[in-house]
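# got a predicted structure plus its sequence, pasted below:
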Amino acid sequence: MSDKHYFEVTTPVDPPLKGGITAQILEGGKPTNYIIRADKDWSVNVEWYLEGALTDCICGTWCLHLFMESVGPGPEVAFPYGEIRVPLDPCGDGHYQYEIEVKGGFIKPEHCTTPYKLVAALTYRTPCDKPGPMAGFCELPLVQFYESDKQGT
């Protein structure tokens, strides 16, 4: 048997892999003023990307979470859907998007004027479903929920 020999792995750019994440709160599919009527549906649209020479070598799954906690007295919110799994597409363009929908009435404005902080968090799971070395998060603007006794406003 011969001695151990090595081979070289080169990539044409530096860094060989990088990414980013953004998120936006929507009401009725449109950007919001961050004051949301509690009985109306709303959503968070999360977009993220990978770019670089190794993008098409990365397989596995993205794990997306949305976290929300009160600023001051009030509850932390646990959304009913848990983690959202999005498969990586190594043959795609490296761009991903997921819209997390929240039904009207899920958030209760019981704590008068309580603002809430939202964070979209993303982690990577390998093809063996083990935690991998990629993660990111995006803090969103503070939001506030209110009740209205008027229909349609």
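Structure received. Please read these numbers as outputs of a predicted model, since none were measured by experiment.
# which stretches in this protein count as strands?
18-27, 30-31, 35-37, 42-51, 61-70, 76-77, 84-87, 95-102, 115-125, 131-139, 143-146 (DSSP state E).
# what's the third one in contact with?
Applying Cβ atoms under 8 Å, 6 or more residues apart in numbering, the contact partners of strand 35-37 are Ile25, Glu27, Trp42, Gly104, Ile107, Val143, Gln144, Phe145, Tyr146, Glu147, Ser148, Thr153. All C-beta spots, glycine's among them, are computed from the backbone N, C-alpha and C.
# can you count the residues close to Phe145?
When counting by other Cβ atoms under 10 Å, one arrives at 21 neighbours for Phe145.
# and for the one 3 residues further on?
Using other Cβ under 10 Å, Ser148 has 12 neighbouring residues.
# just to revisit the earlier point, the contacts of strand 35-37, buried ones only, as a ChimeraX selection?
Filtering the contacts of strand 35-37 down to the buried ones (16 or more other Cβ atoms under 10 Å) takes a single ChimeraX command:
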select :25,27,42,107,143,145
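# picking that back up, can I get the strands of the chain in a markdown table with distance to His5?
Rendered in a markdown table, the data for those read as follows (distance: least, Cβ to Cβ, whole Å):
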| stretch | distance to His5 |
| --- | --- |
| strand 18-27 | 31 |
| strand 30-31 | 57 |
| strand 35-37 | 62 |
| strand 42-51 | 32 |
| strand 61-70 | 35 |
| strand 76-77 | 55 |
| strand 84-87 | 36 |
| strand 95-102 | 39 |
| strand 115-125 | 32 |
| strand 131-139 | 27 |
| strand 143-146 | 58 |
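# surely Cys63 and Gly82 touch.
No: with contacts defined as Cβ atoms under 8 Å, Cys63 does not count as touching Gly82, sitting 10.0 Å away.
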